[in-house]
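>>> Okay, predicted coordinates and the sequence, questions at the end:
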Amino acid sequence: MPLVKTPLTEEMINAAPRPPKGCHRFTSLRDAEVRGLELRLYAEGQAWSLEYRSPILKTTARISIHAATLAEARAIAKGWRAIIKQGRDPRLEKQEALIAQREEYNRKLPILKAVRWAQKNGADVAINPDGSYTMTFKSP
């Protein structure tokens, strides 16, 4: 990959060649302003990512950045660089947040199933403050 000496601009991104449709290759553009920030241009889209050295795993890691513009990608990447500087790994933190989100969903799943069943079978469900639920059947 060539050494980048100037920061990326929107004009540089728009002028960069894209691979032909149906091709699985990509054009890679690195930003000189934020170390590790990369834009991959595909035939039908683009993807931002940040490459960094994990302070925890001591390996090179890459994390995707969901941004539409260069300014958004830089802001997110700078935030993650600050997290890395604190000795934390943003990829591991994203994984931990996803695990916590799945655990919360699994905790609520029985209630969701009960509500769906009650709606199908003409019953009412009241969710109690402790997380349990009470089902009341309507008289015919």
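Perfect, I can see it now.
>>> ok, and for stretch 30-37, which residues are buried?
Across stretch 30-37, burial judged by 16 or more other Cβ atoms under 10 Å covers 30-31, 34, 36-37. All C-beta atoms are positioned from the backbone trio N, CA, C, and that covers glycine.
>>> got a markdown table for these, with pLDDT and secondary structure too?
Output for these, formatted as a markdown table (pLDDT from 0 to 100; DSSP: H, G, I helix; E, B strand; the rest coil):
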| residue | pLDDT | secondary structure |
| --- | --- | --- |
| 30 | 93 | strand |
| 31 | 94 | coil |
| 34 | 94 | coil |
| 36 | 94 | coil |
| 37 | 96 | strand |
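>>> Residue 138 and residue 115: what is the separation?
The gap separating residue 138 from residue 115 is 15 Å, by Cβ to Cβ, to the nearest Å.
>>> before we move on, what about residue 84?
42 Å.
>>> related to what we said a few turns ago, between residue 138 and residue 115, tell me which one has more neighbours.
The neighbour comparison of residue 138 against residue 115 (other Cβ atoms under 10 Å) goes to residue 115, with 17 against 9.
>>> Surely residue 36 touches residue 77?
Yes. Counting by Cβ atoms under 8 Å, residue 36 does reach residue 77; the two are 7.2 Å apart.
>>> Residues that sit against both of those two, list them.
Common contact partners of residue 36 and residue 77 (Cβ atoms under 8 Å, 6 or more residues apart in numbering): residue 50.
>>> Helix or strand for the closest residue to residue 88 other than its chain neighbours, just tell me which one.
Leaving aside its sequence neighbours, residue 88 sits nearest to residue 55 (Cβ to Cβ, 6 or more residues apart in numbering; 7.1 Å). For residue 55, there is no enclosing helix or strand under DSSP states H and E.
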